[in-house]
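Novice: Here is my input, please return the structure:
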Amino acid sequence: MRIFPTHILLALTLLYGPAMAQDFTWIAPPARGQLERDPTLIPKGKGFLFVPTMTSALNEPSFRVFRGKKAIAEASPGTGMLLSPGYYEVLIGTGTDAQMMSRTVPVEEGMTTMVKPFWSGLVINVIDEARTSVNESYELYWEDQRENYGIGFGIEEERGEAVKTWLLPPGNYTVVRVGDNISTTRKLSVRLEPGELAQRNLVVDTDDNTFIGFYPPTIQGLLSQTTDSNWKTNLQISGSTQLATSQNTTGEDLTVVSLSTQIFGRSIYNSLPHFANLRLILEEGFTREEGDAFRTSIDEFEIRATYIYRLSERVGPYLRGVINTKLFATEARFPQPQNLLIRDVDGNITGTLNNLDEFTLSPALSPLELRQGVGINSQLIRSFPLTLDMRVGIGARQSYVTDTFDLNALRTVASKLRDTSTTGLEALLILNSRLSRYLSMDSEFDILIPDINTDAWEFTFENRLRLLLSRFVNMDIVLNFERVKPIVRLQSRQQVLLRFVYLL
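Specialist: Numbers count the residues shown, from 1 in each chain. Prediction:
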């Protein structure tokens, strides 16, 4: 049997369209580079069909190949498949079957057909104001067709998760909060060109899930992804000042000075099979009102580290650690001199402090909080209609305190805190399924098991069923269950959303 090496036949290959003009925007190597690395040999009587990836095979939805109305095979972008000569339909994209894109391509014997991306890629990294990746959700609409493409999620760095890539038809897209209509004024937009990968940081206020920013990574960040070095390092230093004065108003004359600074550093090592992420956040702020000294208003110091060893593309153990503390003492101030009852760690009254204007709740570097975890990331199922990810690990948390107190709601009793330590089994299941052409379901089950007593177990179980009724109408059914502290009882929330979208 005659064997044809792919890299030799590359010179004879008819690319499906001209060279990829937008592949400089990709995180993955250019399409030609991906093909040259593919070890597949073409046997006699077969041709090779190759679909490139813009980011990573594991981050993008799989594509399917049809001959006529018959499904022949499916694979992840960045890989190819051996096929008999003929014409095939390639179906690719994010969303329901009806929202996916298709293209008919020829496959010739002994030849490689590489499909030029007629789709666009979109990566949205959800972060908070401290630039920490957070697991908050959003909805994505195709503005041109008024279509809802579903819900996207942020990631949790400590679990070694990766941001999923949207594969979409070129056009204008809108990002809104989950439940908001496309007609809302609180929306953010991005335009996608054919063959282009667009990256955006979505900044979320985690207190109320408000979107407060939407911007691409810096030019330096984009360029660093294409360098040969496995190390990517970024350091940002920012600060702000504010001076506010008021005179001749209904209140007292007042001058307020505020100063703040933030240092954010991140270093990432990424190679096969190693991945390591080290992140530093230092944020300090001080405020001084007229007649008073400077006082701490913002105080955070945190170091996070994650290491993953990839046993394969789908399985790998991880280690993570977090150190969090404050660099300055925390003070409680009282508007009027006040008596304060003091309790020890066992709840016994040890004394009373009289006529206090302020009280030190904790000294510098207290509490010192440590978190560690070890576990396995695994992708149990990866197919066109169903993906199932499982993460299982053991987590531990310690809190070390020195002369640290907690005030009651009336601010009349200060109870001394003690060191704490908790260890438990953590597990997370994430399910994404396409049940039919118009029906899809997303589920996430997250549980913490500190001991065998089931009353101490904490979990969240979120489910969203989406039914596409027409281009302008879709229905979402939400079923959420949770049992988390401080309310350790089963709580549930159900919601049915029927959306009509039509704008003149």
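
Novice: Which residue ranges make up each domain of the chain?
Specialist: Split into domains by automatic domain parsing, the chain comes to 3-118, 119-227.

Novice: Could you save those as TSV and add columns showing mean neighbour count, distance to residue 279 and mean pLDDT?
Specialist: All C-beta spots, glycine's among them, are computed from the backbone N, C-alpha and C. Listed next are the domains of the chain as TSV, based on neighbours: other Cβ atoms under 10 Å; distance: least, Cβ to Cβ, whole Å; pLDDT from 0 to 100:
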stretch	mean neighbour count	distance to residue 279	mean pLDDT
domain 3-118	17	19	82
domain 119-227	17	7	80
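
Novice: now the strands for the stretch 251-400 of the chain?
Specialist: Assigned by DSSP state E, counting those that start in this stretch, the strands in the stretch 251-400 of the chain fall at 254-270, 274-289, 295-309, 315-325, 330-343, 349-362, 368-382, 386-400.

Novice: before we move on, back to that, want to throw the domains of the chain into a markdown table with distance to residue 480?
Specialist: What follows is these, written out as a markdown table (distance: least, Cβ to Cβ, whole Å):
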| stretch | distance to residue 480 |
| --- | --- |
| domain 3-118 | 22 |
| domain 119-227 | 12 |
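
Novice: what are the ranges of the helices in this structure?
Specialist: 6-9, 31-37, 219-224 (DSSP state H).

Novice: Take the strands of the stretch 251-400 of the chain and write them to a markdown table, including mean neighbour count and distance to residue 27.
Specialist: A markdown table is the format used below for the strands of the stretch 251-400 of the chain (neighbours: other Cβ atoms under 10 Å; distance: least, Cβ to Cβ, whole Å):
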| stretch | mean neighbour count | distance to residue 27 |
| --- | --- | --- |
| strand 254-270 | 15 | 11 |
| strand 274-289 | 17 | 14 |
| strand 295-309 | 16 | 17 |
| strand 315-325 | 17 | 19 |
| strand 330-343 | 13 | 42 |
| strand 349-362 | 12 | 43 |
| strand 368-382 | 17 | 19 |
| strand 386-400 | 17 | 20 |
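
Novice: out of the ones you listed, which comes closest to residue 172?
Specialist: Distance to residue 172, taken as Cβ to Cβ, is lowest for strand 386-400 among the strands of the stretch 251-400 of the chain, at 27.5 Å.

Novice: contacts for the closest one?
Specialist: 159, 318, 366-381, 419-434, 448 (Cβ atoms under 8 Å, 6 or more residues apart in numbering).

Novice: so that strand versus strand 315-325, what angle?
Specialist: When axes from the mean of the first three to the mean of the last three Cα atoms, to 10 degrees is applied, the directions of strand 386-400 and strand 315-325 differ by 30 degrees.

Novice: quick one: strands adjacent to strand 386-400?
Specialist: Partners of strand 386-400 in the sheet, by DSSP bridges, are strand 368-382 (antiparallel), strand 420-434 (antiparallel).

Novice: right, and the ones you listed - which one's nearest residue 201?
Specialist: So among the strands paired with strand 386-400, strand 420-434 is nearest, using Cβ to Cβ, at 22.2 Å.

Novice: Buried residues, that closest one. List them.
Specialist: Applying a neighbour-count criterion of 16 or more other Cβ atoms under 10 Å, one finds 424, 426, 428-434 buried in strand 420-434.

Novice: Am I right that residue 79 is in contact with residue 58?
Specialist: No. Assessed by Cβ atoms under 8 Å, residue 79 is found out of contact with residue 58, at 11.2 Å.

Novice: shared neighbours, the two?
Specialist: Going by Cβ under 8 Å, 6+ apart, no residue sits against residue 79 while also sitting against residue 58.

Novice: which residues touch residue 408?
Specialist: 414-415.

Novice: Renumber starting at 40 from here on
Specialist: Will do, 40 is the new start, and the previous item becomes residue 447.

Novice: separation between it and residue 454?
Specialist: 7 Å (Cβ to Cβ, to the nearest Å).

Novice: For residue 90, find the nearest of the strands of the stretch 290-439 of the chain.
Specialist: Among the strands of the stretch 290-439 of the chain, strand 407-421 comes nearest to residue 90, with 15.3 Å by Cβ to Cβ.

Novice: which outside residues touch the closest one?
Specialist: 97, 101, 115, 197-200, 347, 353-364, 426-440, 465.

Novice: Distance from the chain centre to it, please.
Specialist: Centre-to-centre, strand 407-421 and its host chain are 15 Å apart (Cα atoms, centre = their mean, to the nearest Å).

Novice: what do you get for stretch 500-520?
Specialist: 21 Å.

Novice: Stretch 122-140 too?
Specialist: Put simply, stretch 122-140 sits 28 Å off its chain's centre (Cα atoms, centre = their mean).

Novice: how far does that stretch stretch from start to finish?
Specialist: One end of stretch 122-140 sits 21 Å from the other (Cα to Cα, to the nearest Å).

Novice: So what touches that stretch?
Specialist: Identification of contacts with stretch 122-140 by Cβ under 8 Å, 6+ apart yields 84-88, 90, 100, 102-106, 111-112, 116, 141-148, 154, 157-158, 186, 188-189, 205-208, 473, 475-479, 507.

Novice: Strands - which of those land there?
Specialist: Using DSSP state E, 86-88, 90, 102-106, 111-112, 141-146, 186, 188-189, 205-207, 473, 478-479, 507 are the members of these that sit in strands.

Novice: What about the nearest residue to residue 294 once chain neighbours are set aside? Give its phi and psi, please.
Specialist: Once flanking residues are discounted, residue 294 sits nearest to residue 329: 4.3 Å by Cβ to Cβ, 6 or more residues apart in numbering. The phi and psi values for residue 329, taken as degrees, to the nearest 10, are phi -60, psi 130.

Novice: ok, now residue 100?
Specialist: For residue 100, the backbone dihedrals (degrees, to the nearest 10) come out as phi -70, psi 150.

Novice: what sits against it?
Specialist: 131-133, 206, 423.

Novice: Let's see that with 10 Å instead.
Specialist: Contacts for residue 100 (Cβ atoms under 10 Å, 6 or more residues apart in numbering) come out as 115-116, 131-134, 139, 203-206, 421, 423, 426, 471, 473.

Novice: cool, and residue 453?
Specialist: Counted by Cβ under 10 Å, 6+ apart, residue 453 has contacts 371, 379-382, 392, 395, 398-400, 443-447.

Novice: change it to 7 Å
Specialist: With contact set as Cβ atoms under 7 Å, 6 or more residues apart in numbering, residue 453 has these partners: 379, 381, 398, 444, 446.

Novice: Tell me if I'm right that the residue nearest to residue 294 and residue 293 touch.
Specialist: Yes. Assessed by Cβ atoms under 7 Å, residue 329 is found in contact with residue 293 at 5.6 Å.

Novice: Nearest spatial neighbour of residue 153, chain-adjacent residues omitted?
Specialist: Once flanking residues are discounted, residue 153 sits nearest to residue 89: 4.7 Å by Cβ to Cβ, 6+ apart.

Novice: Could you tell me how far that neighbour is located from residue 150?
Specialist: Distance, residue 89 to residue 150, by Cβ to Cβ: 11 Å.

Novice: you'd agree residue 167 is up against residue 248?
Specialist: No. If you go by Cβ under 7 Å, residue 167 and residue 248 don't touch, sitting 10.7 Å apart.
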